[in-house]
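Colleague: Next one to model:
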Amino acid sequence: MEQKEALALMERGREKVALVTGTSSGFGMLTAVRLARLNWTVYAGMRDLTRGGELMARAREAGAAERIRPVRLDVTRKDEIRAAVETALAEAGRIDALVNNAGFAVGGFLEEVPLERWREQFETNVFGMVAVTQAVLPAMRKQGEGRIVLVGSMSGRFGFPGLAPYSASKHAVEGLGEALRLELAPFGIFVSIVEPASYRTPIWEKGLRDAMFPPDDSPYAPLYRKLQPLFRQSAESGGDPEKVAAVIVRALTDRRPKLRYTPTMQERTALALKGLVPWSWIEWPIRRMLAGAGKEERP
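Modeller: A predicted model of the protein is given here:
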């Protein structure tokens, strides 16, 4: 696949330039390395440049470190967004692709998660994505072409108890991607959404550590005790994140990029089932697992 992608770029006669957000770990880091290995120049955005050690080590191992340009980029800071985009344009003259990957997960039950945390979740996962996209679009429109990938989640297609803030933010990404794809089509700019399920990345480890999960005297504590093994299993035994990076690169290199990409058959099967069966069938196993939890601590 990588040889095919590289040949496609060579046929177009020049190297490509990408801006990737959230590259200090996870999907963003792996995507940046894959693109650099394919001779892209990658402006690798991260909030803290001191956390770029693993990215550069992987890039050196792949023989692609000279094509990685770390840039300070907190997607909630307009000044850093502007500076990162201006740096890429000043040095490379163009931005062919934007990978909106930066994000984090807020866990907890809706009633107990403070509104401030909800705002933080949307500030990064949604408004940050919008802000970076707004910053690169003038250059892409002037070029008459470009690719934008929004890293969504299966949580944007399926709501799950205890993850309402994260799921709501990823549902917003789905609507954003659909509308943006239609808005930008006349300008030769393609928008795609990548929808991974659970993969072994720091987002879940950090999400569990920082989650607003209930204390023992909370009415939601019995629900959490039943859900906790699933959250832990998801964090520890998810899929290989390289598969997600590979499909992000595919969305950037397909001649006719699709609106949605799913990394594996696991995601495709789940989405197919959702389209075929009533929602009651999908929620039944979860409701059964949680049955009685709300009554567990009633007098």
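Colleague: what sits against the residue nearest to the spatial centre of the chain?
Modeller: Using Cα atoms, centre = their mean, the residue of the chain that lies closest to the mean C-alpha position is residue 151, 3.1 Å off. The neighbours of residue 151, taking Cβ atoms under 8 Å, 6 or more residues apart in numbering as the test, are 27-28, 99-101, 103, 194, 196, 244, 248. Glycine gets a C-beta too; all of them are placed from N, C-alpha and C.
Colleague: Then residue 134?
Modeller: By Cβ under 8 Å, 6+ apart, residue 134 lies in contact with nothing.
Colleague: Please state the mean pLDDT value computed over the helix or strand hosting it.
Modeller: Assigned by DSSP states H and E, residue 134 falls within helix 129-143. The predicted model assigns helix 129-143 a mean pLDDT of 98.
Colleague: next one: stretch 31-49
Modeller: When pLDDT is averaged over stretch 31-49, the result is 98.
Colleague: Going by neighbour count, list what's buried in it.
Modeller: Residues of stretch 31-49 classed as buried: 31-38, 40-47 (neighbour count, 16 or more other Cβ atoms under 10 Å).
Colleague: can I get the CA coordinates of it in PDB?
Modeller: Listed next in PDB are the C-alpha coordinates belonging to stretch 31-49 (Å, rounded to 0.1, in the frame of the first residue of the first chain):
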ATOM      1  CA  THR A  31       0.400   9.300  10.800                       C
ATOM      2  CA  ALA A  32       3.100  11.900  10.800                       C
ATOM      3  CA  VAL A  33       5.800   9.200  10.500                       C
ATOM      4  CA  ARG A  34       3.900   7.400   7.700                       C
ATOM      5  CA  LEU A  35       3.500  10.500   5.700                       C
ATOM      6  CA  ALA A  36       7.200  11.500   6.200                       C
ATOM      7  CA  ARG A  37       8.200   8.000   5.100                       C
ATOM      8  CA  LEU A  38       6.200   8.700   1.900                       C
ATOM      9  CA  ASN A  39       8.200  11.900   1.300                       C
ATOM     10  CA  TRP A  40       5.600  14.300   2.600                       C
ATOM     11  CA  THR A  41       6.900  17.300   4.500                       C
ATOM     12  CA  VAL A  42       5.000  17.100   7.800                       C
ATOM     13  CA  TYR A  43       4.400  20.000  10.200                       C
ATOM     14  CA  ALA A  44       3.800  18.100  13.300                       C
ATOM     15  CA  GLY A  45       1.600  20.100  15.800                       C
ATOM     16  CA  MET A  46       1.800  19.400  19.500                       C
ATOM     17  CA  ARG A  47       1.000  21.500  22.600                       C
ATOM     18  CA  ASP A  48       4.400  20.900  24.200                       C
ATOM     19  CA  LEU A  49       7.400  20.600  22.000                       C
END
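Colleague: Quick check: the farthest pair among the buried residues of stretch 31-49?
Modeller: Maximum pairwise distance in the buried residues of stretch 31-49, criterion Cβ to Cβ, is 25.6 Å, between 38 and 47.
Colleague: Where does the closest residue to residue 259 other than its chain neighbours sit: helix, strand or coil?
Modeller: Leaving aside its chain neighbours, residue 259 sits nearest to residue 181 (5.7 Å; criterion: Cβ to Cβ, 6 or more residues apart in numbering). Three-state assignment for residue 181 (DSSP: H, G, I helix; E, B strand; the rest coil): helix.
Colleague: how many neighbours does residue 181 have?
Modeller: As a burial measure, residue 181 scores 20 neighbours (other Cβ atoms under 10 Å).
Colleague: What residues does it make contact with?
Modeller: So residue 181 contacts 190-192, 259 (Cβ under 8 Å, 6+ apart).
Colleague: what about the helices in this protein?
Modeller: 2-11, 26-37, 53-61, 78-92, 115-122, 129-143, 164-184, 202-210, 221-236, 241-253, 265-276, 279-290 (DSSP state H).
Colleague: Give me the below-cutoff pLDDT ranges for the chain.
Modeller: Along the chain, segments meeting pLDDT under 70 span 1-14, 203-212, 235, 293-299.
Colleague: mind redoing it with 50?
Modeller: 7, 9-13, 298-299 (pLDDT under 50).
Colleague: With respect to burial, which of the helices of the chain scores highest?
Modeller: Stretch with highest mean neighbour count among these: helix 26-37 (a mean of 26; mean count of other Cβ atoms under 10 Å).
Colleague: on contacts alone, who are the packing partners of that one?
Modeller: Helix 26-37 is packed against strand 17-20, strand 41-46, helix 53-61, strand 68-72, helix 241-253, with contacts defined by 3 or more Cβ pairs under 8 Å, 6 or more residues apart in numbering; DSSP states H and E.
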